[in-house]
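Trainee: No sequence on hand, only this structure:
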């Protein structure tokens, strides 16, 4: 029969409890919710925990995608038409474990600003027309500008204003640099 000394038994129990606690912590940690998962109904037996990451988007996203930057995804929240313009509202998510540097990633003209979203375009594929962000008299885009770098597990709500799109165009493609284009995005009033 084996006889264990007290220090060996204490060390074995400590190691076993550490393993059990570590496994329990891994099971309790859930990956960040994606817009597709967020739209699914929660299980009736247990309520889904609220995400502790970033603030919620201003409105429910109509479409979301990932691009060529690992851990970064984007969701379209709204594409709204008025008599004088079209405004795109979208949310950029940093699901990675590192800070995402916005500098120079989404701008149209590097000489006019490195932290703006002037490089986001609308494309009417039927008429083969591309809509660029509206610019003011100083040639600065009317869009989210001077956007700070994004900490890990955060999001930021963004916008871009475009010239009016003809009323007969009901859906359009949204092209955001580094992401797969969003096709057939409905334009609302």
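Mentor: Okay, I see it. Keep in mind that this is a model prediction, so the values were computed, not measured.

Trainee: Give me the next element, helix or strand, following the least confident helix or strand in the chain by mean pLDDT.
Mentor: Here the helix or strand of the chain ranked lowest by mean pLDDT, DSSP states H and E is helix 35-38, holding a mean of 44. Next helix or strand after helix 35-38 toward the C-terminus (DSSP states H and E): strand 63-66.

Trainee: Which neighbours in the sheet does that following strand have, and how are they oriented?
Mentor: Here strand 63-66 has these sheet partners by DSSP bridges: strand 72-81 (antiparallel).

Trainee: Just the buried residues of the partner strand, please?
Mentor: 72, 73, 74, 75, 76, 77, 78, 79, 81 (16 or more other Cβ atoms under 10 Å). The way it works is simple: take the backbone N, C-alpha and C, and place the C-beta from them, glycine included.

Trainee: next one: stretch 158-170
Mentor: Quick answer for stretch 158-170 (16+ other Cβ under 10 Å): 158, 159, 160, 161, 162, 165, 169.

Trainee: and if you look at stretch 129-141?
Mentor: 131, 133, 134, 135, 141.

Trainee: pLDDT wise, what is the fourth one at?
Mentor: It stands for residue 135. Residue 135 carries a pLDDT value of 90.

Trainee: Please report phi then psi for the closest residue to it other than its chain neighbours.
Mentor: Once flanking residues are discounted, residue 135 sits nearest to residue 141: 5.5 Å by Cβ to Cβ, 6 or more residues apart in numbering. Residue 141 has phi and psi values of phi -70, psi 150 when expressed as degrees, to the nearest 10.

Trainee: where in the protein is pLDDT low?
Mentor: For the chain, applying pLDDT under 70 flags the ranges 1-63, 109-113.

Trainee: where do the strands sit along it?
Mentor: 63-66, 72-81, 86-94, 121-124, 129-131, 154-162, 171-175, 182-186 (DSSP state E).

Trainee: for the fifth one, packing partners?
Mentor: Which is strand 129-131. strand 121-124 (3 or more Cβ pairs under 8 Å, 6 or more residues apart in numbering; DSSP states H and E).

Trainee: likewise the fourth one?
Mentor: Helices and strands in packing contact with strand 121-124 are listed as strand 129-131, strand 171-175; criterion 3+ Cβ pairs under 8 Å, 6+ apart.

Trainee: got the contact list for it?
Mentor: 79, 86, 88, 129-133, 162, 165, 169, 172-175, 181 (Cβ atoms under 8 Å, 6 or more residues apart in numbering).

Trainee: So what's the residue count around the residue nearest to residue 102 when sequence neighbours are not counted?
Mentor: Nearest residue to residue 102, sequence neighbours excluded (Cβ to Cβ, 6+ apart): residue 147, at 4.9 Å. By the criterion of other Cβ atoms under 10 Å, residue 147 has 20 neighbours.

Trainee: circling back: quick one: which two of the contacts of strand 121-124 are the most distant?
Mentor: Pairwise distances across the contacts of strand 121-124 (Cβ to Cβ) peak at 17.4 Å, for the pair 133 and 169.
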